[in-house]
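Chemist: Structure for the following, please:
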Amino acid sequence: DRRVMSRKSLLSAECTMPFSTVPEEQSELACLVDGMDNMKFYCPRNTTNAKDLAEAWRPKLHAIGCQIEGVVECVYIMDADQKKDSNTMCQVIATSLDHADRVLAKRGVKMPSAVTLHSDNCPRDMKNQIVAQFGAYLAAFVFPGGSTHTQQEVGHSHMPLDRRFGVITSALSRSDVLQDPDDFCNRILEQVRPQVNMELIVERLPAVFDWKQYSDALNITMKGHAPTRESDAKHVWKFVRRSACTQVPVEDTGCIAHPRDIIFLTKDFMRSDELAQTPVLFATHDRLEICKKQSVSPLQMAPRTRLSDEVVKEYRKTIEILKKPPWNLTRAASYLSTWVSENRKAAIIDEKKKDILVLKPLGHCRVFFNGPSERTFAPKPTVEVDWKEFAPRTLSQIRVLGPGVRPKAVAARPPARPLARKPKAKAMGLRQP
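Modeler: Sure thing, here's the model as predicted:
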């Protein structure tokens, strides 16, 4: 499975570069999504181990990475009360696709025709029906080649994104006191070097859309997608249009067939060469059109985790400690005070059964709702290649001789004169006689 994923990553890096030779129908985008250990994101961080701050409560920020091979690597910092669930993962992927579309626009390259979403085996984050409906929508309106969800086996879920997390952790440990999420973002941008041909993007994610409510129009319920036994787990989900399943028999459900219907295919592993079950109809075209019309109206924000009265009391104690000398961490105290007050305000609005408002702007996920920008491939180069710039190293002379011709013998060099050697001491600390 690692080899298969490595090939997908190489294909994504190749087809997203200008003058790529990969056919458009074979191009595919590889997107890796995972969350970091929130123990590294105490806010404030890197404070001295004094007694006052050792016993004080500090919130743990959430950090999620999304790496689109060959295009961008994104790191999103979120508040501690933001739920780390499927709504957050869908928001991260949709926002990263916007960044990837912007970078590809600079290169003059089209968005690839297919996408692969690679993650671990956590059902709470990615392996659930909300993300499955998200992938079906991508296959219906964004990627004509379909969307594939892949996971590796339990115990073998380490991916290249985890290696980047180690680099970020090292950069944070070498920094001074980090008082608020903006300090975390700035430190990562300053100390972490982007990968080759990839743009590093670090930003705060103030809120996420309620993707579950958005996908309720599909009226889909999945069963058996997250089994308790690993032997029954399916590590590959693929969503394609019915028009691409002409050679594969689809289970008859009695619905009128449409070329834009989404068919669900699954395999046991990425390395498997056969399907795990008969392809089934996942979503009909009319249901997907109803779901798409909802994108015109503003979506509601996903609710956050409420802070209890006891937790709020402890955080307010921390705020008072940070304001006093010798700490004088005024920005950290200001962030905690604003964050606690916003959480309490959102809880009051939720109790009145009103929509939770977002105080900060949020991206509109343009690629997900409207599709990628229409662009053409960059034209092929017509100028001569500058070989001195392409290969600056001087060439070694290779002679091609005719048949029966031997190279001239080189005169032998005279032997070098031996160097006079100094006599060695017989023992340490003793003089020569």
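Chemist: Spatially nearest residue to residue 79 (excluding sequence neighbours)?
Modeler: residue 339 (5.9 Å; Cβ to Cβ, 6 or more residues apart in numbering). No exception for glycine: its C-beta is placed from N, CA and C like everyone else's.
Chemist: In the host helix or strand of that neighbour, which residues are buried?
Modeler: Here residue 339, judged by DSSP states H and E, is contained in helix 330-351. Using 16 or more other Cβ atoms under 10 Å as the test for burial, helix 330-351 gives 331-333, 335-336, 339-340, 342-343, 346-347.
Chemist: Which strands or helices does it pack on?
Modeler: If you count contacts as 3 or more Cβ pairs under 8 Å, 6 or more residues apart in numbering; DSSP states H and E, helix 330-351 packs onto helix 309-323.
Chemist: Check which residues of the helix it packs on are buried.
Modeler: The neighbour-count check on helix 309-323 (16+ other Cβ under 10 Å) flags 311-312, 315, 318-319, 321-322 as buried.
Chemist: so where do the helices sit in this structure?
Modeler: 2-15, 51-55, 86-107, 129-141, 160-173, 181-191, 211-214, 285-293, 309-323, 330-351, 366-370, 387-390 (DSSP state H).
Chemist: now those in CSV, with distance to residue 197 and mean pLDDT?
Modeler: Formatted as CSV, the helices of the chain follow (distance: least, Cβ to Cβ, whole Å; pLDDT from 0 to 100):
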stretch, distance to residue 197, mean pLDDT
helix 2-15, 7, 90
helix 51-55, 42, 74
helix 86-107, 10, 93
helix 129-141, 24, 91
helix 160-173, 14, 90
helix 181-191, 18, 94
helix 211-214, 31, 83
helix 285-293, 33, 84
helix 309-323, 42, 92
helix 330-351, 35, 82
helix 366-370, 20, 81
helix 387-390, 17, 34
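Chemist: most tightly surrounded among those?
Modeler: helix 129-141 (a mean of 24; mean count of other Cβ atoms under 10 Å).
Chemist: okay, it in PDB with CA atoms only?
Modeler: Presented in PDB, the C-alpha positions along helix 129-141 are these (Å, rounded to 0.1, in the frame of the first residue of the first chain):
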ATOM      1  CA  GLN A 129     -20.600   8.900   5.900                       C
ATOM      2  CA  ILE A 130     -20.300  12.700   6.100                       C
ATOM      3  CA  VAL A 131     -16.900  12.600   4.400                       C
ATOM      4  CA  ALA A 132     -18.200   9.900   2.000                       C
ATOM      5  CA  GLN A 133     -21.000  12.300   0.900                       C
ATOM      6  CA  PHE A 134     -18.400  15.000   0.600                       C
ATOM      7  CA  GLY A 135     -16.400  12.800  -1.700                       C
ATOM      8  CA  ALA A 136     -19.500  11.900  -3.800                       C
ATOM      9  CA  TYR A 137     -20.100  15.600  -4.400                       C
ATOM     10  CA  LEU A 138     -16.500  16.100  -5.500                       C
ATOM     11  CA  ALA A 139     -16.900  13.300  -8.000                       C
ATOM     12  CA  ALA A 140     -20.200  14.700  -9.300                       C
ATOM     13  CA  PHE A 141     -19.300  18.400  -9.800                       C
END
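Chemist: now it, how far from the chain's geometric center?
Modeler: Counting by Cα atoms, centre = their mean, to the nearest Å, helix 129-141 is centred 17 Å from the centre of its parent chain.
Chemist: what's the answer for stretch 200-212, then?
Modeler: Taking mean C-alpha positions (Cα atoms, centre = their mean), stretch 200-212 and its chain are 12 Å apart.
Chemist: buried residues in that stretch?
Modeler: Buried, per 16+ other Cβ under 10 Å, within stretch 200-212: 201-203, 205-212.
Chemist: Tell me which two of those sit farthest apart.
Modeler: 202 and 212 (27.4 Å; Cβ to Cβ).
Chemist: about what we covered before: would you reformat the buried residues of helix 330-351 as JSON lines and include distance to residue 92?
Modeler: Output for the buried residues of helix 330-351, formatted as JSON lines (distance: Cβ to Cβ, whole Å):
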{"residue": "331", "distance to residue 92": "26"}
{"residue": "332", "distance to residue 92": "26"}
{"residue": "333", "distance to residue 92": "29"}
{"residue": "335", "distance to residue 92": "22"}
{"residue": "336", "distance to residue 92": "25"}
{"residue": "339", "distance to residue 92": "20"}
{"residue": "340", "distance to residue 92": "25"}
{"residue": "342", "distance to residue 92": "21"}
{"residue": "343", "distance to residue 92": "21"}
{"residue": "346", "distance to residue 92": "21"}
{"residue": "347", "distance to residue 92": "25"}
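Chemist: Alright, I will stop here.
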